[in-house]
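Q: Pasted the sequence and its predicted model underneath.
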Amino acid sequence: MLLGVLVAALLPSGGAATAAAERERWDTRVLATVQSPGYPAFVHAHPNGRVYGGTYSNLLGDSIRSRVFEWTRAGTLVRSWTVPGQDLAGEQGVQVATSDARGRLVVLEKSRSRVLMLDTRTGRFSTYATIPDLPTCAPGARPDGTCTPNVIDGPAIPNYAAWGRGGVLYVTDYGQAVVWRVPPGGGKAEAWFADPRLDGTEFGTAGLQMAPGHRALLLTQQSSIDGPQATQGKLYRLSIRSDGRPGGLRALWTSLPGDLPDGFGIARSGRIYVANAGLSNQLVVLSPDGQEIERFPELPLTGENGSEIPFDTPSNATFVGHRVLVANQSFAGNTDHHAILDVHVGEPGVPVWIPRSAGR
């Protein structure tokens, strides 16, 4: 990897772009390995040119505080921060979901269900919002924001986030079948959209992005009771009405059993690259209307991608130029697989939308 960086630096103007163009589609390399406590989940490509990732839950359990890492886009580790105030008696983990208009990182913290802001200039964390733990709705009751439609009562688990118009922040809840709305500037989170179709029992609502045009959210459901098999996940489109209220929820794509679709990236072509964190260990490419186009690798299960580290619980697909960066979470605990992988896809992505009012 270092040799590639040096060669790119010595190339004449335009040479780096030529070198990138020479990579074949799906050429996969290790951008960086992830240090203890490991289990990387999601990669955020910051407008400042750096990439950030957080460490998530250890299935076997530990009492190590989570960390946020900063790398250059060439994979050099620059610095890291340890997350304060976590409850280490249970599961802990963080995802760097996005950043705000001031450049602060939006960090979703699992153990206390918090939305944190990290100012990378000072290293200071601050609480932007807390996601409430809702009771389970009574049988036959319609979810009204005061209860969770989950059949099994689970804790609040903020999982992914996306900015909306006016500086609101939408947050998926992996444990409660809810999409939360945090008001501009932070504060009390509102259960903006709750629906039984977001009940994934053990594997809930995950990836979230604002769709191009900023009038709808795209979100993934790792498993779903909405369908013939609960182990099939979904990609949904959730429209946003002109008055800011949620509109209709429409399934664009249904996964294969056990895929567990997680984070995703949107190409300028409209194609959607989804990381399947389940048994298949694949990236799947969808058309803008949700038709499945291809999978990489073609064969499921092994995750063999041509690099020295196979896909092992790939958790996202974040566009950086003509490649996607994938957090290799290795949920089952192979620490040698804890890495950020660089996958050349040969087309550019849509930049994640960060409005000027974000975080103000």
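A: Perfect, I can see it now.

Q: which neighbours does the helix or strand harbouring residue 181 have in its sheet, and in what orientation?
A: For residue 181, the element it lies in under DSSP states H and E is strand 178-182. Looking at strand 178-182 with DSSP bridges, its partner strands are strand 169-173 (antiparallel), strand 190-194 (antiparallel).

Q: where in the stretch 101-250 of the chain is pLDDT low?
A: 227 (pLDDT under 70).

Q: Now do the strands in it.
A: 105-109, 114-119, 124-130, 158-163, 169-173, 178-182, 190-194, 205-210, 216-221, 232-240, 246-257 (DSSP state E, counting those that start in this stretch).

Q: Just put the ones you listed in CSV and tack on distance to residue 317 and mean neighbour count.
A: All C-beta spots, glycine's among them, are computed from the backbone N, C-alpha and C. Output for these, formatted as CSV (distance: least, C-beta to C-beta, whole Å; neighbours: other C-beta atoms under 10 Å):
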stretch, distance to residue 317, mean neighbour count
strand 105-109, 18, 26
strand 114-119, 23, 20
strand 124-130, 26, 18
strand 158-163, 13, 26
strand 169-173, 16, 26
strand 178-182, 21, 25
strand 190-194, 24, 21
strand 205-210, 9, 25
strand 216-221, 11, 25
strand 232-240, 13, 22
strand 246-257, 14, 17
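
Q: can I get those strands in a markdown table with distance to residue 52?
A: Formatted as a markdown table, the strands of the stretch 101-250 of the chain follow (distance: least, C-beta to C-beta, whole Å):
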| stretch | distance to residue 52 |
| --- | --- |
| strand 105-109 | 6 |
| strand 114-119 | 9 |
| strand 124-130 | 14 |
| strand 158-163 | 13 |
| strand 169-173 | 17 |
| strand 178-182 | 20 |
| strand 190-194 | 26 |
| strand 205-210 | 17 |
| strand 216-221 | 21 |
| strand 232-240 | 25 |
| strand 246-257 | 27 |
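
Q: Compare the ones you listed and give me the one nearest residue 336.
A: Of all those, it is strand 205-210 that lies closest to residue 336, at 24.8 Å by C-beta to C-beta.

Q: Identify the residues contacting that closest one?
A: If you take C-beta atoms under 8 Å, 6 or more residues apart in numbering as the criterion, strand 205-210 is touched by 159-164, 170-174, 177-179, 198, 216-222, 261-266, 274, 316, 352-353.

Q: mind checking which of the strands of the stretch 101-250 of the chain is nearest residue 70?
A: That would be strand 105-109 among the strands of the stretch 101-250 of the chain, by C-beta to C-beta, at 9.0 Å.

Q: So in that sheet, which strands flank that closest one, and in what orientation?
A: Here, using DSSP bridges, strand 105-109 pairs with strand 94-99 (antiparallel), strand 114-119 (antiparallel).

Q: quick check: angle from it to strand 158-163?
A: 150 degrees (axes from the mean of the first three to the mean of the last three C-alpha atoms, to 10 degrees).

Q: which residues touch strand 105-109?
A: Here strand 105-109 has contacts from 44, 46, 52, 54, 66, 68, 83, 86, 92-100, 114-118, 120, 125, 128, 158-161, 169, 171, 359, using C-beta under 8 Å, 6+ apart.

Q: Distance from the chain centre to that strand, please.
A: Put simply, strand 105-109 sits 11 Å off its chain's centre (C-alpha atoms, centre = their mean, to the nearest Å).

Q: Let me know the angle separating it from strand 124-130.
A: Using the same axes, to 10 degrees: strand 105-109 against strand 124-130 is 60 degrees.

Q: can you start the count at 281 instead of 1 from here on
A: Shifting the count to begin at 281 puts that one at strand 385-389.

Q: distance between the strand holding residue 461 and the chain's centre?
A: With C-alpha atoms, centre = their mean, you get 16 Å for strand 458-462.

Q: Could you do stretch 414-427 as well?
A: 27 Å.

Q: May I see the buried residues of that stretch?
A: 414, 416, 417, 423, 427 (16 or more other C-beta atoms under 10 Å).

Q: how long is stretch 584-604 end to end?
A: 17 Å (C-alpha to C-alpha, to the nearest Å).

Q: Report the buried residues of that stretch.
A: Applying 16+ other C-beta under 10 Å to stretch 584-604 flags 585, 587, 589-600, 602-604 as buried.

Q: Next one: residue 318 relative to residue 605, how far apart?
A: 17 Å (C-beta to C-beta, to the nearest Å).

Q: Residue 377 now?
A: 15 Å.

Q: go on, residue 526?
A: 30 Å.

Q: With residue 495 instead?
A: Plainly put, residue 495 is 27 Å away from residue 605 if you go by C-beta to C-beta.

Q: who's more crowded, the two?
A: Taking other C-beta atoms under 10 Å, residue 495 and residue 605 do not tie; residue 605 has more neighbours (25 against 14).

Q: Quick check: bridge partners of the more buried one?
A: Here residue 605, judged by DSSP bridges, has bridge partners residue 598, residue 622.

Q: For it, give me its contacts.
A: 311, 323, 325, 331, 596, 597, 598, 620, 621, 622, 623.
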